[in-house]
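# I would like the atomic coordinates for the input below:
(one chain, ligands or ions: 2)
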Amino acid sequence: MTPHPNGDGPHPAVDTHELWKIFGEGSTAVHAVQNVSIAIEPGEFVALCGPSGSGKTTLVNLIGGLTDPTRGTVRVDGRDVGAMSERARAQLRLERIGFVFQAYNLLPVLSALENAEFPLMLRGAGREERRREVSKLFEHIGLGGLEDRRPGALSGGQQQRVAVARAVLGAPALVLADEPTANLDTQASDNLLEVMEVLNRERGVTFIFCTHDPRVMRRARRIIRLVDGHVERDAEKEPGTLPDWVLEPVDT
Ligand SMILES: Nc1ncnc2c1ncn2[C@@H]1O[C@H](COP(=O)(O)OP(=O)(O)OP(=O)(O)O)[C@@H](O)[C@H]1O
Ligand SMILES: [Mg+2]
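Ligands and ions are numbered 1, 2, ... in the order given. From the prediction side, this is the model:
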């Protein structure tokens, strides 16, 4: 496979500058993301960790242009997401970004296959090609034979895998995954991470995933830990290792 044309110039895949997200106002305001400036280069495999409520989901939604910053900027491939029209953002998401949401966001009236093939369809792939690609990936992540089931007839973990399949099938340059292994057993979670690693290694797809799972953090090559919306630690590491600070309790 050829490397993915991830970032045509010398731009980071993602960079944020003094990024803030404050929900609400006055005494009830929640400072979900506080002054975050990070740069993630094309081909990185990054875990975002931190306690529940520390701002992980908010940060990936800001990066994907699903949430508007209160202050600061987010750039994807050097392009300022906040300055784009809604239409340009939708186009950017379609062409460059795959999402796995914490709530899987599958369409209930579509089958697993139809949910997963959605991005391929939007990119103009033919029916045969779509079915072939989906079935190949489904087989690999333990969903073989479930193509025609609707989400309501799948377990949480199975729905999770359909959502991941949907995110990676169009071979986007950047995948944002919010707790992709949250509902998976060890085996399924390992299989899924292998799929992500292969795409990362062979196609240069950049992955940013939120996770609470130490097994997932082990496989990351960089860990960014959020506490109360700000970056508490940000460090590269060897795959297979787990620095002790990732699970440290928060001092209050
Ligand atoms: N739409 C919203 N309106 C108001 N507050 C919000 C909204 N979305 C998130 N928050 C608050 O912002 C903070 C960060 O939430 P976020 O979902 O980003 O945390 P998280 O790190 O993803 O947590 P978890 O690990 O539980 O998924 C929390 O205090 C949350 O209650
Ligand atoms: Mg979250």
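
# following the lengthiest helix in the chain, which helix or strand comes up?
Of all the segments of type helix in the chain, defined by DSSP state H, the longest one is helix 186-203. As assigned by DSSP states H and E, the chain's next helix or strand after helix 186-203 is strand 206-210.

# what packs against the longest helix of the chain?
strand 45-49, helix 127-140, helix 156-169, strand 174-178, strand 206-210, helix 214-219 (3 or more Cβ pairs under 8 Å, 6 or more residues apart in numbering; DSSP states H and E). For the C-beta atoms, the positions are set from N, CA and C on the backbone; glycine is no exception.

# tell me which residues of the worst-scoring helix or strand of the chain on mean pLDDT are tucked away?
None of the helices or strands of the chain scores lower by mean pLDDT, DSSP states H and E than helix 186-203, at a mean of 84. Residues of helix 186-203 classed as buried: Ala188, Ser189, Asn191, Leu192, Leu193, Val195, Met196, Leu199, Asn200, Arg203 (neighbour count, 16 or more other Cβ atoms under 10 Å).

# contacts made by it with the rest, please.
Residues outside helix 186-203 that contact it (Cβ atoms under 8 Å, 6 or more residues apart in numbering): 1-4, 43, 45, 137, 140-142, 157, 161, 164, 168, 171, 175, 177, 180-181, 184, 205-207, 209, 213, 215-216, 219.

# tell me what the residue most central in space within the chain is bridged to.
Central residue of the chain (Cα atoms, centre = their mean): Leu176, 1.7 Å from the mean position. Beta-bridge pairing of Leu176, defined through DSSP bridges, involves Phe99, Ile208.

# show me what contacts it?
Per Cβ under 8 Å, 6+ apart, neighbours of Leu176: Val60, Ile63, Gly64, Ile97, Gly98, Phe99, Val100, Ile208, Phe209.

# tell me if I'm right that the fifth one and Ala167 touch.
Spelled out, it's Gly98. Yes: the criterion here is Cβ atoms under 8 Å, and Gly98 meets it with Ala167 at 3.5 Å.

# list the contacts for Ile208?
Neighbours of Ile208 in contact, by Cβ under 8 Å, 6+ apart: Val14, Ile40, Glu44, Val46, Leu48, Val60, Ile63, Leu174, Val175, Leu176, Ala177.

# many thanks, I have nothing further to ask.
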